[in-house]
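Visitor: Below are the sequence and a predicted model for it; my questions follow.
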Amino acid sequence: MKFIKALAAAALVSFATTPVLADSVLKEILDTGVLKVGTTGDWNPMTVKDPATNSYEGYDIDVMTELAKDMGVELEFVATDWKTLVNGVLGGNYHMTGSASISPARMKVAGYSESYIAVQIQPYTTADKADRFDGWDSINQAGVKVAATLGTTFEKQVKEWFPAAEIKAVEAPALQHQEVLSGRSDVFVTSNIEGATLTKKFGKLVPIKVEAARAPTPIAMLLPQDDQVWINYVNNWVKIKKARGFFDATAAKWGM
């Protein structure tokens with residue numbers, strides 16, 4: 001009996017001292033010395049890819065660079081697009097993503113970090129068409145073409161908000177604002193963050209006057225849903241950086 005109790009006690013000690021870290025991608029990151037981050041490169045000023053240099057810049061890029069630095073590992077960006085963003089996390093193509101809106105659909109299969117910024121959605125058109133629109137209802141009309149990048153939250157939103165309009169889903173690397181600039185579409189919606197950047201860059205683009213912005217949404221990083229060790233690490237890192245003003249300073253740098 002004493003022998004059996006001793007074996008049981010030894011087993012409990014062994015179980016208790018086995019590091020949970022062994023089952024986490026955190027261990028993989030630390031062992032390989034590389035943090036892999038999925039990013040689309042098409043959400044200005046969050047993540048923008050320069051095709052000439054194959055490099056990225058933006059708010060997200062600064063955030064991921066800081067995380068890798070604090071972890072003491074190299075940073076590798078993995079190109080992805082919005083329609084496969086979640087699948088890249090699920091398939092292990094990367095350890096996390098840059099910023100993504102928190103949505104019930106994504107929450108079913110992926111985990112999230114704590115939120116560190118929020119966005120709200122506004123509609124945009126070109127200056128020559130601005131007098132056609134006055135409020136959200138004016139967009140939801142037959143004959144109005146609304147562009148949305150395939151696989152984004154914006155695609156789902158415009159289909160819900162403008163059932164009477166014609167929805168033109170464009171696949172990356174084509175972008176919804178390019179469809180409007182070219183005249184192929186009349187309206188697109190995007191976050192107030194991207195919208196402010198686009199209207200500065202393209203003088204033709206203007207916001208449509210609406211009663212109020214829609215869909216205020218917290219933004220966070222997508223993570224493997226079942227990896228609580230990794231989620232805890234990232235969440236605590238976010239808390240530290242919030243307390244030290246890193247996110248506010250980075251947002252200010254990018255005019256957000």
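Guide: Received, thanks.
Visitor: State the mean pLDDT of stretch 172-183.
Guide: Mean per-residue pLDDT for stretch 172-183: 93.
Visitor: Same check on stretch 142-152?
Guide: In the prediction, stretch 142-152 has an average pLDDT of 95.
Visitor: got the end-to-end distance for it?
Guide: From its first residue to its last, stretch 142-152 covers 23 Å (CA to CA, to the nearest Å).
Visitor: And stretch 193-209, by the same measure?
Guide: With CA to CA as the measure, stretch 193-209 spans 16 Å from end to end.
Visitor: For the stretch 151-256 of the chain, which segments count as helices?
Guide: When secondary structure is read from DSSP state H, counting those that start in this stretch, the stretch 151-256 of the chain shows helices at 153-161, 176-181, 192-201, 228-243, 246-253.
Visitor: least reliable of those going by mean pLDDT?
Guide: Across the helices of the stretch 151-256 of the chain, helix 192-201 has the smallest mean pLDDT, namely a mean of 90.
Visitor: so what are the domain limits for the chain?
Guide: The chain breaks down by automatic domain parsing into domains covering 18-117+218-253, 118-216.
Visitor: which residues does E28 contact?
Guide: E28 makes contacts with H95, as judged by CB atoms under 8 Å, 6 or more residues apart in numbering. Glycine gets a C-beta too; all of them are placed from N, C-alpha and C.
Visitor: before we move on, which element is it in?
Guide: Following DSSP states H and E, one finds E28 within helix 25-32.
Visitor: Report the inter-axis angle for that helix versus helix 228-243.
Guide: When axes from the mean of the first three to the mean of the last three CA atoms, to 10 degrees is applied, the directions of helix 25-32 and helix 228-243 differ by 80 degrees.
Visitor: State the pLDDT value of the residue lying closest to T153 once chain neighbours are set aside.
Guide: Leaving aside its chain neighbours, T153 sits nearest to S101 (4.9 Å; criterion: CB to CB, 6 or more residues apart in numbering). Confidence at S101, expressed as pLDDT, is 90.
Visitor: So what's the residue count around S101?
Guide: When counting by other CB atoms under 10 Å, one arrives at 20 neighbours for S101.
Visitor: Equivalent analysis for R214, please.
Guide: Residue crowding around R214 was assessed by other CB under 10 Å; the count is 15.
Visitor: which residues touch the residue most central in space within the chain?
Guide: Most central residue of the chain, judged by C-alpha distance to the mean C-alpha position with CA atoms, centre = their mean, is A100 at 2.0 Å. For A100, the contacting residues are 85, 106, 219-222, taking CB under 8 Å, 6+ apart as the criterion.
Visitor: Nearest to D128 among the residues you listed?
Guide: Nearest to D128 among the contacts of A100, counting by CB to CB, is I219 at 32.3 Å.
Visitor: ok, that closest one to M64 distance?
Guide: Summarising the geometry, the distance separating I219 from M64, computed by CB to CB, to the nearest Å, is 14 Å.
Visitor: So between these two, which is more surrounded?
Guide: M64 (24 against 21).
Visitor: and the gap between that one and L75?
Guide: Where L75 is concerned, M64 sits at a distance of 6 Å (CB to CB).
Visitor: likewise P123?
Guide: Taken as CB to CB, the span from P123 to L75 is 35 Å.
Visitor: higher neighbour count, those two?
Guide: When neighbours are counted by other CB under 10 Å, P123 comes out ahead of the other of P123 and L75, with 25 against 16.
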